[in-house]
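Trainee: make a model of this:
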Amino acid sequence: MTNHSFYSSRYRLKSIVMLLVIVLLLVTLTMPGKVDASSSKEFEVYSRIKLNMTSTEVAKVIYGKKYKSYLKKEYGVTTLKRKERFKDKEPHKVTYVHDFYGTYNKKDDMTYYKMDVFFQTKKDGKTLYVVSKSFDNQEYSGRTLKKNAKFKWGMTFSQVDDRVQGKGLGTWTVHYLDDYSKVGEIYGDKVIFTPRTALLYYTVRTYDKKDFVNLVFKYDYKKQKYFLEDFH
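Mentor: Numbering: from 1, shown residues only. The predicted structure follows:
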């Protein structure tokens, strides 16, 4: 496999994951919700789904004792018996993305989902594992930026909070986790074992309340704190 093919394949996979997160953010701006995710039944299920779980274990979490009736064989692996958002079979891996808890938007004539779970096999494996998951609270934070607020990469929660009106950043928008340290990111013949990632998104209004800004925090597992990773 050439370096060009390797990086093209890696970029394609990363683009799929990030596209899902971007879609979640767009959903939030078009259909803000009313429920705090941390107290919802859907988020409780999301919390119980752990990275590196098998598809069978995930089915047990979601469907309980009847989980076997929600599984099927496809591409030589056991997967969930439901319509997937994305699936792909390559020479050395199989991937699936499933979404859950849909809400129909009549204006857009589309169904938007709160939870996404990304499954992948190990290289030449026959078992699907959870490599990433995300949950969309479908609600912006409710906070507004202070006048002339500016941000820098690496800011802490408290530093960002100083630039937002009110105390605290309000309700988070999207929670995202991934872990390829055991399954590995597979690009052709190459396997890269990357450390886990945790991202937390907040969507706040601009000072003039005419637009929104997405604040993306990344968790530092060594320092055990979130730091500002991106803002746009």
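
Trainee: can you show me the helices along this protein?
Mentor: Taking DSSP state H as the criterion, the chain carries its helices at 3-30, 41-48, 55-63, 157-161.

Trainee: tell me who's in contact with residue 195.
Mentor: 179, 181, 221 (Cβ atoms under 8 Å, 6 or more residues apart in numbering). For every residue, glycine as well, the C-beta is placed using N, CA and C.

Trainee: residues near the first one, how many?
Mentor: Pointing back at residue 179 there. 20 (other Cβ atoms under 10 Å).

Trainee: sorry, back to before: any idea which of the helices of the chain scores lowest on pLDDT?
Mentor: Among the helices of the chain, helix 3-30 carries the lowest mean pLDDT, a mean of 44.

Trainee: where's the residue nearest the centre of the chain relative to residue 66, distance?
Mentor: Central residue of the chain (Cα atoms, centre = their mean): residue 134, 2.6 Å from the mean position. The spacing between residue 134 and residue 66, counted by Cβ to Cβ, to the nearest Å, is 26 Å.

Trainee: one more: residue 184?
Mentor: Note on residue 184: its distance to residue 66, by Cβ to Cβ, is 32 Å.

Trainee: which of those two has more neighbours?
Mentor: Applying other Cβ under 10 Å to residue 184 and residue 66 shows that residue 184 carries more neighbours, namely 19 against 9.

Trainee: can you give me the pLDDT of that one?
Mentor: pLDDT for residue 184: 97.

Trainee: list the contacts of it.
Mentor: Contacts of residue 184 (Cβ under 8 Å, 6+ apart): 122, 123, 191, 192, 193.
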